[in-house]
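J.: I'd like to go over a predicted model; first the sequence, then the structure.
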Amino acid sequence: MPRVLPRPPRPPPNLQRVLALLASSRDGLTETVILKHGCTVKQINELLQGGMATASTQRILVGKRILEIARLRITEAGRQALKR
């Protein structure tokens, strides 16, 4: 008989909402936008540590200033977590 691996637990509703938000954006969202939608830094860290999202930094030129922003994207593991 084949061995069946247990399914990882479904993320809590507050993280599901953030994952759905990330999934709706093709290029990911900036940390600022996610925070404006009511997500907390703790929730962002949970997604990153759980492998459900990735973060990358970008530098953009605004006037004469260079700003560094964090952009978050959903991973395949995050998409699978939404399907459960």
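T.: Okay, I see it.
J.: Give me the contact list for the helix or strand harbouring Val33.
T.: Using DSSP states H and E, Val33 sits in helix 31-36. Outside of helix 31-36, the residues within contact range by CB atoms under 8 Å, 6 or more residues apart in numbering are Val18, Leu21, Leu22, Val41, Ile44, Ala55, Ile69, Ala70, Arg71, Leu72. In short, each C-beta sits where N, CA and C put it, glycine included.
J.: so how far is Leu61 from the fourth one?
T.: I take that to be Val41. Distance, Val41 to Leu61, by CB to CB, to the nearest Å: 26 Å.
J.: for the fifth one, same thing?
T.: Ile44 sits 25 Å away from Leu61, taking CB to CB as the criterion.
J.: Neighbour count for these two, which is higher?
T.: Between Ile44 and Leu61, counting by other CB atoms under 10 Å, Ile44 is the more crowded of the two (19 against 8).
J.: in a strand, that's where that one is, yeah?
T.: No: under DSSP: H, G, I helix; E, B strand; the rest coil, Ile44 falls outside any strand and is assigned helix.
J.: Looks like it contacts Leu72 (just checking).
T.: Yes: counting by CB atoms under 8 Å, Ile44 touches Leu72, with 6.9 Å between them.
J.: what touches both of the two?
T.: Residues touching both Ile44 and Leu72 (CB under 8 Å, 6+ apart) are Glu31, Ile34, Ala53, Ala55.
J.: any idea of the pLDDT on the second one?
T.: Meaning Ile34. pLDDT, Ile34: 95.
J.: Take the shared contacts of Ile44 and Leu72 and write them to a markdown table, including distance to Asn14 and neighbour count.
T.: Shown next, in a markdown table, are the shared contacts of Ile44 and Leu72 (distance: CB to CB, whole Å; neighbours: other CB atoms under 10 Å):
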| residue | distance to Asn14 | neighbour count |
| --- | --- | --- |
| Glu31 | 17 | 16 |
| Ile34 | 12 | 24 |
| Ala53 | 14 | 24 |
| Ala55 | 18 | 14 |
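J.: any idea which of the residues you listed is the one closest to Arg3?
T.: Ala53 (29.7 Å; CB to CB).
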